[in-house]
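Participant: what follows is a predicted protein model with its sequence.
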Amino acid sequence: MNTKQIVLASRPKGLPQLTDFRFEHTGLPEVKKGEVLLKPLYYSVDPYLRNRMNDGKLYSQSFKIDHPVESNALAKVIESSSDYFNPGETVIGILPWREMCVVSEKGLQKVDATHDPVSNYLSVWGMTGLTAYIGLMHICKPLAGETVVISAAAGAVGLVVGQIAKILGCRVIGITGSDEKVKLLVSNYGFDEAINYKTTTYMSNAIGTVCTDGVDIYFDNVGGEISDAVINNLNSGARIAICGQISLYNSTTLPVGPRIQETLLTKSAMMRGFQVNNFKSEFPDAIQYLTKWVKDGQLKFTETTFQGFAQLPAAFLGLFNGENTGKMIVKI
């Protein structure tokens, strides 16, 4: 059996291009003991994939040139030589970008395909929701009445962070990249204020204007100059969770910015980066709360969906152009 796949053709220099990917056909091996044949239904595309396109020591393994890109996906079991999965079941796991694939049973989990939309397992009930919950609750530890600032606030993780913070009684400020998203954050998702960084000349002053009592918590998804501006407005005892650095992923030189150690010292502030998989013991509680909030209508979510396997590279590139509101997924 042959299938179509998308491989990394070259390591991007700066912003990735469509030419960094290549479509090709490949044969599929037999399904051996402990393996399953899957037909992917939905793929997640995420900013962290850009890091895996680089060569060198990373927090996750680099993609190999001329090998398939891979990301989190939902798939239907077509054939099984596994004791755990049966044909017709729906599973989630990290899968290569192929229209069909044979993979090990290890790392796969069953999901309830009757849930509508089932793609939520890639977003609010998946790594997106878990990342938001863990970063806010276990790194930042918010208290009612505190001011929370979120960069990339209309993105997949940012939307969830902001709504959880509101549930907990915080004042929430979002930073995003369009006037349309500013309106959505306030009117649809309950943010108290939002700032369009693309039309704001002096970000530090703008943040100070809306955060009249300073910033207690900063959920950092972007890094760069936006983060510099937020850090200028920190309160004593502030906490910063570093979830992503999307503004720096495509840098071809090492950026030099303000040295923030003195600010952290004088403000008795804490900054911590985190990988959500280091908190697996906390996942059951997180899923319980996320599920309750969604069912109670306190936590809303949206997805930006590209249609078709061939759109995977374009959807990924769209993350760097701000084309998504909420989770970016591709329906196969």
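Facilitator: Alright, I've got the coordinates.
Participant: right, and Leu185 touches Asn196 too?
Facilitator: No. In this structure, Leu185 is not within contact of Asn196 by C-beta atoms under 8 Å, at 10.2 Å. C-beta: built from backbone N, CA, C; applies to glycine.
Participant: shared neighbours of these two, which are they?
Facilitator: Jointly contacting Leu185 and Asn196 under the rule C-beta atoms under 8 Å, 6 or more residues apart in numbering are Thr176.
Participant: my read: Val215 touches Thr147, true?
Facilitator: Yes. Contact criterion C-beta under 8 Å: Val215 and Thr147 qualify, at 5.6 Å.
Participant: anything in contact with each of these two?
Facilitator: Asn235.
Participant: neighbour count for Leu185 and Asn196, which is higher?
Facilitator: Leu185 (27 against 17; other C-beta atoms under 10 Å).
Participant: next structured bit after the helix or strand where the more buried one lies?
Facilitator: According to DSSP states H and E, Leu185 maps onto helix 179-187. Toward the C-terminal end, the helix or strand that comes next after helix 179-187 (DSSP H and E) is strand 193-196.
Participant: quick one: name whatever helix or strand follows that following strand.
Facilitator: helix 203-210.
Participant: list the buried residues for that following helix?
Facilitator: 203-204, 206-207, 210 (16 or more other C-beta atoms under 10 Å).
Participant: run the chain-centre distance for it.
Facilitator: Distance of helix 203-210 from its chain centroid, counting by C-alpha atoms, centre = their mean, to the nearest Å, is 26 Å.
Participant: just checking, what packs against the next helix-or-strand element following it?
Facilitator: Using DSSP H and E, the next helix or strand after helix 203-210 towards the C-terminus is strand 215-220. When contacts are defined as 3 or more C-beta pairs under 8 Å, 6 or more residues apart in numbering; DSSP states H and E, strand 215-220 packs onto strand 147-151, helix 156-167, helix 224-231, strand 234-242.
Participant: swap the cut-off to 6 Å and go again
Facilitator: strand 147-151, strand 234-242 (3 or more C-beta pairs under 6 Å, 6 or more residues apart in numbering; DSSP states H and E).
Participant: the shortest one pairs with which strands, parallel or anti?
Facilitator: The one in question is strand 147-151. strand 171-176 (parallel), strand 215-220 (parallel) (DSSP bridges).
Participant: just the CA atoms of that strand, as PDB, please.
Facilitator: What follows is strand 147-151, C-alpha atoms only, in PDB (Å, rounded to 0.1, in the frame of the first residue of the first chain):
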ATOM      1  CA  THR A 147      -4.000  41.500  37.100                       C
ATOM      2  CA  VAL A 148      -3.000  38.900  34.500                       C
ATOM      3  CA  VAL A 149      -1.500  39.800  31.100                       C
ATOM      4  CA  ILE A 150      -1.400  37.300  28.300                       C
ATOM      5  CA  SER A 151       0.500  37.600  25.000                       C
END
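Participant: need the contact partners of it.
Facilitator: Defining contact as C-beta atoms under 6 Å, 6 or more residues apart in numbering, one finds that strand 147-151 is touched by 158, 161-162, 165, 170-175, 211, 213, 215-222, 226, 230.
Participant: go with 7 Å
Facilitator: 142, 158, 161-162, 165, 170-175, 207, 211, 213-222, 226-227, 230 (C-beta atoms under 7 Å, 6 or more residues apart in numbering).
Participant: tell me the contacts of Ile332?
Facilitator: Neighbouring residues of Ile332 by C-beta under 7 Å, 6+ apart: 40-43, 99, 309.
Participant: now the stretch 151-300 of the chain, which segments are flagged as low pLDDT?
Facilitator: 252 (pLDDT under 70).
Participant: how many other residues sit next to Val7?
Facilitator: By other C-beta under 10 Å, neighbour count at Val7 equals 19.
Participant: that one: helix or strand, and which one exactly?
Facilitator: Assigned by DSSP H and E, Val7 falls in strand 2-8.
Participant: helices or strands next to that strand in the packing?
Facilitator: Applying 3 or more C-beta pairs under 7 Å, 6 or more residues apart in numbering; DSSP states H and E, one finds that strand 2-8 contacts strand 21-27.
Participant: what's the angle between the strand it packs on and strand 2-8?
Facilitator: With axes from the mean of the first three to the mean of the last three C-alpha atoms, to 10 degrees applied, the angle from strand 21-27 to strand 2-8 works out at 150 degrees.
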